[in-house]
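Okay, structure incoming, though there's no sequence with it:
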């Protein structure tokens, strides 16, 4: 099963927003693109919230929930945004407490993007506490 979002890059580059294989859902790097296909304006908090919403929406469309997330990767263009994005991540994935990576990169495809994020979920398999 595959899921598409409003990103114009999916068609242009030839990828799926998310793919479900068995109980596993893999969500591609998701930038702060709104339902209208345009970059969400505002600060990193607004952009992070949108990225995490895209991840969650893709997972839910393919039969999972945010609580099924087992791994996230976050790419930032400014190291100083880590605390804000970390709080947004905790808000979005607090119940899952996934393995997570946050790195600073030289840039993303669109210079207006401050963040991009990806996720992996495993449906019905809860990690040990």
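Alright, I've got the coordinates. All figures in this text were calculated on a predicted structure; none of them were measured in a lab.

buried ones in the lengthiest helix in the chain?
Criterion DSSP state H: the longest helix present in the chain is helix 44-61. Neighbour counts over helix 44-61 (16 or more other CB atoms under 10 Å) mark 44, 47-59, 61 as buried. All C-beta spots, glycine's among them, are computed from the backbone N, C-alpha and C.

And stretch 2-11, by the same measure?
For stretch 2-11, by 16+ other CB under 10 Å, it's 3, 5, 7, 9, 10.

gap between the nearest residue to the first one once chain neighbours are set aside and residue 110?
Yep, that's residue 3 we're talking about. Once flanking residues are discounted, residue 3 sits nearest to residue 18: 4.3 Å by CB to CB, 6 or more residues apart in numbering. Using CB to CB, to the nearest Å, one obtains 20 Å as the distance from residue 18 to residue 110.

Tell me which of these two has more neighbours.
residue 18 (27 against 12; other CB atoms under 10 Å).

what does stretch 117-128 rub up against?
Identification of contacts with stretch 117-128 by CB atoms under 8 Å, 6 or more residues apart in numbering yields 23-30, 48, 51-52, 55, 59, 63-64, 68-75, 98.

Can you tell me the number of residues neighbouring residue 80?
Other residues near residue 80 come to 9 when the count uses other CB under 10 Å.
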